[in-house]
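Chemist: sequence first, then the predicted structure:
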Amino acid sequence: LDNMLQAIDKPREQLSQYAPKILTMVINPDKIRDVIGPSGKIINKIIEDTGVKIDIEQDGTIYISSVDNEMNQKAKSIIEDIVREVEIGQTYLGKVKRIEKFGAFVELFKGKDGLVHISQLAEERVNKVEDVVKIGDDILVRVTEIDDQGRVNLSRKVILKEEKEKQQQN
C-alpha cells in the first residue's frame, strides 16, 4: 500500500481522455424493436454515425460506451427521439413537412408527424392551407387526438385562442 500511495496518493480529478465512458438509460421494453430496427438497420446506423458501442438488455436497459462522451450523448439523444411518445394535450413546436388540400402534416420530432386539419389552422375560416402555412414553417401545435391507427391529430387553433385570451387579460 505504501508503494501505491507514493505513486499516486489520491484519485485523479478527471478520468483519462482515453478511458471509456458508459452511459446507461432505460426504455420501455416494447420499444426495443424500434431502436434495433429491421435487421438491425437503425441501431447499426447509430453505431456508424457516432462510433459508440451499444448493448441492449431484455428489460430495456441500454448501455452506450465510447471514449468520446460527446458521442455517447449524441447516441443517447438519437435513441430518446426514437422511443419518445406523443402525448395528448402536449404542445410541440413542429415543422410543416407536407401540405394537402385538407391540411398540413407537421413533424413534431424526428420520426413522428401529425396532421393539422384545415379547420384547426386558424380561428377564422381558411380557404387554402397555403394561405396560413408553408412547407418549412415552424408552428406551435397541440395534440388533440391519437386515433386507433396511431395517427396524430393536431390543432393550431387552440394555441392561437389561448394566446389571444392571455393578451386580453393583460
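Modeler: Ah, there it is. Numbers count the residues shown, from 1 in each chain.

Chemist: quick one: list the elements packing against the least confident helix or strand in the chain by mean pLDDT.
Modeler: When each helix and strand of the chain is scored by mean pLDDT, DSSP states H and E, helix 2-7 comes last, with a mean of 74. Using 3 or more CB pairs under 8 Å, 6 or more residues apart in numbering; DSSP states H and E, no helix or strand is in contact with helix 2-7. In this view, the C-beta of every residue, glycine as well, is placed from N, C-alpha and C.

Chemist: can I get it in PDB, CA atoms only?
Modeler: Provided in PDB are the C-alpha atoms of helix 2-7 (Å, rounded to 0.1, in the frame of the first residue of the first chain):
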ATOM      1  CA  ASP A   2       2.800   2.400   0.800                       C
ATOM      2  CA  ASN A   3       4.200   1.900  -2.700                       C
ATOM      3  CA  MET A   4       0.800   2.700  -4.200                       C
ATOM      4  CA  LEU A   5       0.500   5.800  -2.200                       C
ATOM      5  CA  GLN A   6       3.900   7.000  -3.300                       C
ATOM      6  CA  ALA A   7       2.900   6.600  -7.000                       C
END
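
Chemist: that helix: what's the following helix or strand?
Modeler: Moving toward the C-terminus from helix 2-7, the next helix or strand (DSSP states H and E) is strand 21-26.

Chemist: wait, what's in contact with the closest residue to Phe105 other than its chain neighbours?
Modeler: Nearest non-adjacent residue to Phe105, counting by CB to CB, 6 or more residues apart in numbering: Arg98, 4.2 Å away. Listed by CB atoms under 8 Å, 6 or more residues apart in numbering, the contact set of Arg98 reads Ala104, Phe105, Ile135.
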